[in-house]
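Enquirer: predicted model follows, preceded by the sequence.
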Amino acid sequence: MAMNKVALVTGSTSGIGLATARVLAGHGYDLVVHGLLPAEEGQRLARQMATEFGISTLFSGADLTQPQAIAGLITAAKDTLGGIDILVNNAGIQHTAPLHEFPAQKWDAIIAVNLSSAFHTMQQVLPLMQAKGWGRIINIASVHGLVASVNKAAYVAAKHGLVGLSKVAALENAACGITVNAICPGWVETPLINQQIEDIAKAQNISLEQAKVALITAKQPLPAMAQPSQIGELVHFLCSDAAAGITGASLPIDGAWTAQ
């Protein structure tokens, strides 16, 4: 069991973030749950996890596009739970369009949430980790931090940026007991992709199951999506002593997508 280490997982009210939060909670880490839920609903989720796993929790609905809201989130974690030992930057949004038609405000929003928010959270927590001589920062990038796909200009730019940011932070903090890594998932089983599957099924007049396989194998040889909890388990491993020598790495969970 973890000795009262505190983990902040951004975007942890659904998908990969929630699965990761649950994995860490199951290993005894206290938890800052964060996401765009109404306060009451978010607090209820945090309380449920506290009860289920016997840990301390805190909910924040901080708007990650606002640096001052991020500062408030870190202060609340410090005041309530005593600090942040593990930071998982997971929150992300997506919009697809060809670059020449890409709405400028969508570009700004995706860069703000998927990249700049990680810069601000890292800037806030690094001094806390440096003071303790221990820390783990895990940035949930994407296979799109390593390769590109059409119509995803902002997302690919942000995720490549997140991979680069992780490397810089790893270099700067290598002697401080702090590791910084990026996880690069390919297809992950989350509600985010259901619309894409439905669109393919409709367009090609095939079943949802066939559409799903078509969607996956268009990019990756492994004809199955990763489960969100598998991302969470890799996050947990990176927090362990066994992973103390892994820093500045970009670790794909992508069914051999980037091996091609």
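Expert: Great, that's in hand.

Enquirer: from Val188, how far off is the residue nearest the centre of the chain?
Expert: Taking C-alpha atoms, centre = their mean, the centroid of the chain lies closest to Asn90, which sits 1.8 Å from it. Distance, Asn90 to Val188, using C-beta to C-beta, to the nearest Å: 11 Å. Every residue, glycine included, has its C-beta placed from N, CA and C.

Enquirer: between the two, which contacts overlap?
Expert: Taking C-beta atoms under 8 Å, 6 or more residues apart in numbering as the contact rule, Asn90 and Val188 both touch Ile16.

Enquirer: remind me, longest helix of the protein?
Expert: helix 153-172 (DSSP state H).

Enquirer: packing partners of that helix?
Expert: helix 104-111, helix 117-132, strand 135-140, strand 178-185, strand 250-253 (3 or more C-beta pairs under 8 Å, 6 or more residues apart in numbering; DSSP states H and E).

Enquirer: save those as a markdown table, and put in mean pLDDT, distance to Ile84 and mean neighbour count too.
Expert: Listed next are the helices and strands packed on helix 153-172 as a markdown table, based on pLDDT from 0 to 100; distance: least, C-beta to C-beta, whole Å; neighbours: other C-beta atoms under 10 Å:
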| stretch | mean pLDDT | distance to Ile84 | mean neighbour count |
| --- | --- | --- | --- |
| helix 104-111 | 98 | 24 | 15 |
| helix 117-132 | 98 | 5 | 19 |
| strand 135-140 | 98 | 8 | 27 |
| strand 178-185 | 98 | 12 | 25 |
| strand 250-253 | 98 | 22 | 18 |
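
Enquirer: would you reformat those as CSV and include distance to Asn194?
Expert: Below are these laid out as CSV (distance: least, C-beta to C-beta, whole Å):
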stretch, distance to Asn194
helix 104-111, 20
helix 117-132, 25
strand 135-140, 20
strand 178-185, 17
strand 250-253, 20
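
Enquirer: for Gly133, which non-adjacent residue is closest in space?
Expert: Gly177 (4.4 Å; C-beta to C-beta, 6 or more residues apart in numbering).

Enquirer: who's in contact with the longest helix of the chain?
Expert: 89, 92, 94-97, 99, 102, 106-107, 110-111, 114-115, 118-119, 122, 126, 137, 139, 141-142, 144-146, 148-149, 179-182, 184, 247-250.

Enquirer: centre of the chain to it, how far?
Expert: Offset of helix 153-172 from its chain centre (C-alpha atoms, centre = their mean, to the nearest Å): 13 Å.

Enquirer: mind listing what Ala25 touches?
Expert: The contact partners of Ala25, taken as C-beta under 8 Å, 6+ apart, are 31, 49, 52-53, 55, 57.

Enquirer: buried among the residues you listed? Make that a PyMOL selection.
Expert: Only the buried entries of the contacts of Ala25 go into this PyMOL selection, using 16 or more other C-beta atoms under 10 Å:
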select buried, resi 31+49+53+55+57
